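Enquirer: sequence? don't have it. structure:
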């Protein structure tokens, strides 16, 4: 007991060393848990406090058990000035703790992700003329995919403009060179992931205001019996919670005329032979993410499909047009209008769908 009291009353220099060292270790532990293992802020904060107390208790226990000689070389006067190194270390640790609290862990995470993405985008642009090896290019795409996946999963507030800048850099890095098929598919898949993530972040930041399927259908329900034309929309974001839109026998479909439209968590139930989503005009584009397409007729070309399930649907693809499938599955679908008799891309598409046996595939073709 005397040694325990001695530690807190007499060993001032040693006590502060223990506090600073324990705080530094706990802080490093928290950073690693947050950014390497992506733990939640609340759990990491609780764990860091436990680590801090355990470390201090361990130091004190060892001091009491082993004695003063275990920690210090010789007795020193009790009134000792703290060394400048210890003071600097303590000031830095305190500054880091205070700045992390003031800035906020979420903001700090976002700043780190922004920096990493921007660095990778700059690197891809810089190495255009350097012509990096296929392996290096693939490694960079994989790193970007990992960052996007982590940021999306843990809802890190990444800057949408930096995401778009990275997407442009990835797309540009694939043009003007002939990478292997594996690297090319990975690169275009990465570009699609970035595009999808950028849209999601714009909705979160309020840059894009989503509309509901009911507003689009302009009816009391979600039944569309005639074509719905979406004209000259810069970005129209239609968001649901796996809300069904039934395409009635009267010709229900969406016609995108010189428009850019995103369908997010919208499920389509069809009963007509016309394409559920039809693009008109060279400036039209669409992205469909996290949706179910059941019993529909659909032309796949020029539309970006992300995490989509086609079930009992009639699939079409115009040979030579852009094809963008990212984690898309086809179950019990009619592929009679897709096949090698239409061209090499159709042949590869049919082959991959059949080999997957209902599991998701990623297949991108950019002419």
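Expert: That came in fine, so what should we check first? Quick caveat, the model's predicted, so the values are computed rather than measured. Residues are numbered from 1 along each chain as shown.
Enquirer: which residue ranges of the stretch 151-300 of the chain form strands?
Expert: Ranges of strands within the stretch 151-300 of the chain are 223-224, 228-231, 236-247, 254-257, 260-270, 277-280, 285-294, 297-299, based on DSSP state E, counting those that start in this stretch.
Enquirer: in CSV: those, plus mean neighbour count and mean pLDDT.
Expert: To be clear about C-beta, it is placed using only N, CA and C from the backbone, and glycine gets the same treatment. Shown next, in CSV, are the strands of the stretch 151-300 of the chain (neighbours: other Cβ atoms under 10 Å; pLDDT from 0 to 100):
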stretch, mean neighbour count, mean pLDDT
strand 223-224, 20, 85
strand 228-231, 15, 93
strand 236-247, 18, 89
strand 254-257, 20, 95
strand 260-270, 22, 93
strand 277-280, 19, 96
strand 285-294, 20, 96
strand 297-299, 21, 95
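Enquirer: between those strands, which gets nearest to residue 119?
Expert: For residue 119, the closest of the strands of the stretch 151-300 of the chain is strand 285-294, at 26.4 Å, according to Cβ to Cβ.
Enquirer: in its sheet, what does that closest one sit against?
Expert: Here strand 285-294 has these sheet partners by DSSP bridges: strand 260-270 (parallel), strand 303-311 (parallel).
Enquirer: which parts of stretch 111-131 are buried?
Expert: By 16 or more other Cβ atoms under 10 Å, the buried positions in stretch 111-131 come out as 113-114, 116-118, 120-121, 123-124.
Enquirer: now do stretch 315-323
Expert: By neighbour count on 16+ other Cβ under 10 Å, the buried set for stretch 315-323 is 315-317, 322-323.
Enquirer: any idea of the mean pLDDT for that stretch?
Expert: Averaging pLDDT along stretch 315-323 gives 96.
Enquirer: what's in contact with it?
Expert: 275, 297-302, 330, 333-335, 337-338, 342-343, 345-346, 349, 353, 363-367 (Cβ atoms under 8 Å, 6 or more residues apart in numbering).
Enquirer: same deal with stretch 159-166?
Expert: By Cβ under 8 Å, 6+ apart, the residues outside stretch 159-166 that reach it are 110, 114, 117-118, 120-121, 144, 148, 194, 197-198, 201-202, 205, 207.
Enquirer: out of those residues, give me the two with the largest separation.
Expert: 120 and 207 (22.6 Å).
Enquirer: just to revisit the earlier point, can you put the buried residues of stretch 111-131 in CSV and add pLDDT?
Expert: Shown next, in CSV, are the buried residues of stretch 111-131 (pLDDT from 0 to 100):
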residue, pLDDT
113, 89
114, 90
116, 90
117, 93
118, 91
120, 91
121, 91
123, 87
124, 87
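Enquirer: quick one: residue 142 from residue 239, how far?
Expert: To residue 239, residue 142 is 30 Å away according to Cβ to Cβ, to the nearest Å.
Enquirer: can you name the next helix or strand after the helix or strand of the chain with the lowest mean pLDDT?
Expert: Of all helical and strand segments in the chain, the minimum by mean pLDDT, DSSP states H and E falls on helix 84-103, at a mean of 56. Downstream of helix 84-103, the first helix or strand assigned by DSSP states H and E is helix 105-126.
Enquirer: residue 56 and residue 147, how far apart?
Expert: 36 Å.
Enquirer: kindly report the same for residue 17.
Expert: Remark: distance between residue 17 and residue 147 (Cβ to Cβ) = 38 Å.
Enquirer: which one's more surrounded, the two?
Expert: Between residue 17 and residue 147, counted using other Cβ atoms under 10 Å, the more crowded position is residue 147 (22 against 19).
Enquirer: what about the more buried one, which helix or strand?
Expert: Remark: residue 147 resides in helix 134-153, with elements defined by DSSP H and E.
Enquirer: for that helix, packing partners?
Expert: Here helix 134-153 touches helix 105-126, helix 160-174, helix 181-205, going by 3 or more Cβ pairs under 8 Å, 6 or more residues apart in numbering; DSSP states H and E.
Enquirer: would you list those helices in TSV and tack on distance to residue 291?
Expert: Formatted as TSV, the helices and strands packed on helix 134-153 follow (distance: least, Cβ to Cβ, whole Å):
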stretch	distance to residue 291
helix 105-126	27
helix 160-174	21
helix 181-205	12
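Enquirer: could you list the domains of this structure?
Expert: The chain breaks down into these domains under automatic domain parsing: 2-103, 107-204, 213-365.
Enquirer: pick out the shakiest of these, pLDDT-wise.
Expert: Per-stretch mean pLDDT for these is lowest at domain 2-103 (a mean of 66).
Enquirer: now do the contacts for residue 196.
Expert: The contact partners of residue 196, taken as Cβ under 8 Å, 6+ apart, are 287, 289, 304, 306, 326.
Enquirer: thank you, goodbye.
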